[in-house]
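Visitor: Got a sequence here, can you build the structure:
(one chain, ligands or ions: 1)
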Amino acid sequence: MVSRFFLNIVLVVLIAQNSATAQPGNNIDPFHYSSRKKVECTHGAVVSAHPLASDIGVEILKEGGNAFDAAIATQFALAVVYPAAGNIGGGGFMVARTAEGKNVAIDFREKAPGKASRDMYLDANGNAQPDRSQNGHLSTGVPGSVAGIFKELLFAKLPLKKLIQPAIDLAENGFAVTEPQARSLNSEQGEFRKYNTELPVFVREKPWKKGDTLVQKDLAQTLIRIRENGLAGFYQGETAKLIIDEMQRGNGIITGADLLSYQAIDREAVNSTYRNVYMVITMPLPSSGGVLLPLMLNMVEEQPLTNYGYGSLKSVHLMTEVERLAYADRAKYLGDKDYYEVPISTLTSRRYAKERMKLFDPDKAGTSEKIQSGSIPAESKQTTHFETYDQDGNAVSITTTLNNSYGSKTVVGGAGFFLNDEMDDFSIKPGVPNMYGAVGGDANAIAPGKRMLSSMTPTIVLKGGKPFLIVGTPGGTTITTSVFQTVLDIIDFGLTPQDAVNKPKFHHQWLPDEIIMERDFNPAIIEQLKHMGYKIRLTSEIGRTEVIEILSGNRITAVGDKRGEDTAAGY
Ligand code: DON
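Guide: Purely as a prediction, here's the structure:
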């Protein structure tokens, strides 16, 4: 069959400064590449935050790999070409639907080190010290990404050696940095100097500029150790020793025992229906998305959203109040369910959603002072999303994070990768907001070995039992509301995937009591919302949403967010 393959080239990026000898796969030149926002095709597709990573994923599909192979190759490549968020020193979640119809959820979230304690970020007077939970060695949770990749590998067809090699080549021989990357590296030079015990390759005297080559020899060696020794190439041996030495130099608390005992966990994917037609598969706790997305969908299910229309006063008001109600429950009830009894089945029941909706006033803005978490009887800034789809019908949705941009800003000396600052996703003190303004209490308090609550919501929507949408985004607490909006945009408001990704988004998270809206939102609606009593805060961008839509006949539309260098690739 002849494939339909239209490329929509929006942004041509680069670059002719250096040229490499070894190339990371056929047809991929790390010194000349471009970012594409939309691809229509019929065989398979990959969307990720970096053109080289998306292209590597598609090469793997063309070479006989399935969506899992493509995801693994993309994930390793992002750890090299997108160091602000792509990672092996962080963690994340994978949600997948196999061609055989099995739902998969892998939790490779970081966990608190064994020496962590509830009040470790409080000073002698009991005041929270967010600088210590957000930067440097002490902010790091035990990394989970490599353990996650080895679980993903159980669904792959090709050997690890093949999937990791493009990343090794990119690290060893370098790639050309883009303009936004040069800007971002330049803006972090002071932080990198402050939080590193040995200066990493990202630090240099003269400013980075577009087209400069970033070579990461230490990272290449770490990846080679993973290639040669598997999981032990990261959690034991030389890499583990380098992490422990780094912790000792910088007063961190991660030990060899923490690394050795880290396990990625197979979870049961959340599976809820929407409007009796769609099946929404997403990540359970420690992702808050697995509770909040079904809760919010249940709350709007009986509302006439299609009549209201995208971006209308009625739909923004309704969705804002639904988000407020859901996030009030997040603050009180959500945390690692292996450590805290979370009333999941109540929160995700239709009865509870109905009960909560009694608080919704269609004519008036709510206030977070009045809207508290529901009462439940005893039951008890930088992340990256990528997704892949193949011609057999495997769908993979992965969100992974270092938390902040470049995580803790600390690179493991001699091993070349950034460590996360995920400890800040715990509630370091009840009521004290984390870097995304989220508050929490007992449910998300720090305890040794516990996983910190996340907003990452990699999601797959099925229609007629087959993948229809693959969706996800970075963006801290805005992740879950962006996924919620994207699903409604396509299903209820009839937007194309490209519009659903690119049209302005908004977000409410209970506290602070405000709607964050992207600046290009219709100003007339913003005025009317203010008039209703809402406090509005304008922001330049919310998230970087990626969508793959699959229609009958395997007609695939893959869309990368206009907000970043996100790239759709397919064939
Ligand atoms: O797991 C979480 O919810 C956060 N660590 C995600 C951070 C994030 O999305 C930052 N990116 N913009």
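Visitor: Would you mind listing what in the stretch 201-350 of the chain touches the ligand?
Guide: Counting by Cβ under 6 Å from any ligand atom, no residue of the stretch 201-350 of the chain lies close to the ligand. For the C-beta atoms, the positions are set from N, CA and C on the backbone; glycine is no exception.
Visitor: which regions of the protein lie under the pLDDT threshold?
Guide: 1-23, 26, 377-381 (pLDDT under 70).
Visitor: Go through it and flag its longest helix.
Guide: helix 313-333 (DSSP state H).
Visitor: What residues are bridge-paired with whichever residue of the stretch 251-400 of the chain sits closest to the ligand?
Guide: At 3.1 Å from the ligand, residue 383 is the closest residue in the stretch 251-400 of the chain, using Cβ to the nearest ligand atom. Here residue 383 sits in beta bridges with residue 401, going by DSSP bridges.
Visitor: What is the neighbour count of it?
Guide: As a burial measure, residue 383 scores 29 neighbours (other Cβ atoms under 10 Å).
Visitor: and it, what does it touch?
Guide: 85, 92, 399-403, 456, 474-476, 479 (Cβ atoms under 8 Å, 6 or more residues apart in numbering).
Visitor: and what of residue 95?
Guide: 103-105, 269, 281-283, 396-398, 458-460.
Visitor: out of those residues, which are inside strands?
Guide: Among those, the members falling in strands (DSSP state E) are 103-105, 281-282, 396-398, 459-460.
Visitor: What is the nearest of the contacts of residue 383 to residue 321?
Guide: Taking Cβ to Cβ as the measure, residue 321 lies nearest residue 479 of the contacts of residue 383, at 19.3 Å.
Visitor: What does residue 291 show for phi and psi?
Guide: Per-residue torsions, residue 291: phi -100, psi -50 (degrees, to the nearest 10).
Visitor: how close does it sit to residue 91?
Guide: 19 Å (Cβ to Cβ, to the nearest Å).
Visitor: again, but for residue 126
Guide: According to Cβ to Cβ, residue 126 and residue 91 sit 29 Å apart.
Visitor: Which one's more surrounded, these two?
Guide: The neighbour comparison of residue 126 against residue 91 (other Cβ under 10 Å) goes to residue 91, with 31 against 8.
Visitor: For the more buried one, give me phi and psi.
Guide: Taking degrees, to the nearest 10 as the convention, residue 91 sits at phi -160, psi -180.
Visitor: ok, now residue 272?
Guide: Backbone geometry at residue 272, expressed as degrees, to the nearest 10, gives phi -130, psi 150.
Visitor: looking at it, it is touching residue 280, isn't it?
Guide: Yes: counting by Cβ atoms under 8 Å, residue 280 is a contact partner of residue 272 at 5.2 Å.
Visitor: More neighbours: these two, which one.
Guide: The neighbour comparison of residue 272 against residue 280 (other Cβ under 10 Å) goes to residue 280, with 22 against 17.
Visitor: What residues does the more buried one make contact with?
Guide: 270-274, 293-294, 297, 459-462, 487.
Visitor: Buried subset of those residues, written for ChimeraX?
Guide: In ChimeraX, this line selects whichever of the contacts of residue 280 come out buried by 16 or more other Cβ atoms under 10 Å:
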select :270,272,274,293,294,297,459,460,461,462,487
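Visitor: Closest to residue 132 out of the contacts of residue 280?
Guide: The closest of the contacts of residue 280, once distances to residue 132 are taken by Cβ to Cβ, is residue 293, at 31.8 Å.
Visitor: Double-check that residue 489 belongs to a helix.
Guide: Yes: applying DSSP: H, G, I helix; E, B strand; the rest coil, one finds residue 489 inside a helix.
Visitor: ok, it touching residue 311?
Guide: No: using Cβ under 8 Å, residue 489 is not in contact with residue 311; the gap is 9.3 Å.
Visitor: Name the residues contacting each of the two.
Guide: The contact sets of residue 489 and residue 311 overlap at residue 503 (Cβ under 8 Å, 6+ apart).
Visitor: ok, back up a step: now the contacts of residue 280 in TSV, with distance to residue 505?
Guide: TSV is the format used below for the contacts of residue 280 (distance: Cβ to Cβ, whole Å):
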residue	distance to residue 505
270	22
271	25
272	22
273	24
274	19
293	15
294	20
297	17
459	15
460	20
461	18
462	24
487	12
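Visitor: Looking at the contacts of residue 280, spot the one nearest residue 440.
Guide: Closest to residue 440, out of all of the contacts of residue 280 and judged by Cβ to Cβ, is residue 293, at 18.4 Å.
Visitor: That closest one - nearest residue in space that isn't next to it in sequence?
Guide: Residue nearest to residue 293 in three dimensions, not counting chain neighbours: residue 282, with 5.4 Å by Cβ to Cβ, 6 or more residues apart in numbering.
Visitor: sorry, back to before: quickly check the ones in strands among the contacts of residue 95 for the two that are furthest apart.
Guide: Top of the distance list for the ones in strands among the contacts of residue 95 (Cβ to Cβ): 103 and 398, 14.5 Å.
Visitor: Tell me where the stretch 251-400 of the chain has strands.
Guide: Secondary structure of the stretch 251-400 of the chain (DSSP state E, counting those that start in this stretch): strands located at 265-267, 270-274, 278-282, 382-389, 395-403.
Visitor: what's the neighbour count on residue 361?
Guide: 10.
Visitor: residues of stretch 311-320 that come out buried?
Guide: 311-313, 315-320.
Visitor: Leaving out sequence neighbours, find the closest residue to residue 355.
Guide: residue 374 (6.9 Å).
Visitor: what number of residues lie near that neighbour?
Guide: 20.
Visitor: show me the contacts for it.
Guide: Here residue 374 is in contact with 325, 328-329, 347, 352, 355-356 (Cβ under 8 Å, 6+ apart).
Visitor: which of those residues lies closest to residue 43?
Guide: residue 347 (39.6 Å).
Visitor: from what I can see residue 243 touches residue 415, true?
Guide: Yes: counting by Cβ under 8 Å, residue 243 touches residue 415, with 6.8 Å between them.
Visitor: more neighbours, the two?
Guide: Between residue 243 and residue 415, residue 243 has the larger neighbour count (other Cβ under 10 Å), namely 29 against 24.
Visitor: Check the offset of the helix or strand harbouring the more buried one from the chain's centre.
Guide: Taking DSSP states H and E as the criterion, residue 243 maps to helix 237-249. Here the centre of helix 237-249 is set off from its chain's centre by 27 Å, with Cα atoms, centre = their mean, to the nearest Å.
Visitor: What of stretch 438-445?
Guide: Distance, centroid of stretch 438-445 to centroid of chain: 20 Å (Cα atoms, centre = their mean).
Visitor: what's the span of that stretch, first residue to last?
Guide: 13 Å (Cα to Cα, to the nearest Å).
Visitor: in that stretch, what's buried?
Guide: Quick answer for stretch 438-445 (16+ other Cβ under 10 Å): 438-441, 443-445.
Visitor: which among these gets closest to the ligand?
Guide: Looking across the buried residues of stretch 438-445 and measuring by Cβ to the nearest ligand atom, the closest to the ligand is residue 438, at 8.4 Å.
Visitor: wait, isn't that closest one in contact with residue 507?
Guide: No: the criterion here is Cβ under 8 Å, and residue 438 misses it with residue 507 at 11.7 Å.
Visitor: Which residues are in contact with each of the two?
Guide: Joint contacts of residue 438 and residue 507 (Cβ under 8 Å, 6+ apart) are residue 477.
Visitor: How about the residue nearest in space to the middle of the chain: what's its closest non-neighbour residue?
Guide: Among the residues of the chain, the one closest to the centroid is residue 399, at 3.3 Å (Cα atoms, centre = their mean). Leaving aside its chain neighbours, residue 399 sits nearest to residue 456 (4.0 Å; criterion: Cβ to Cβ, 6+ apart).
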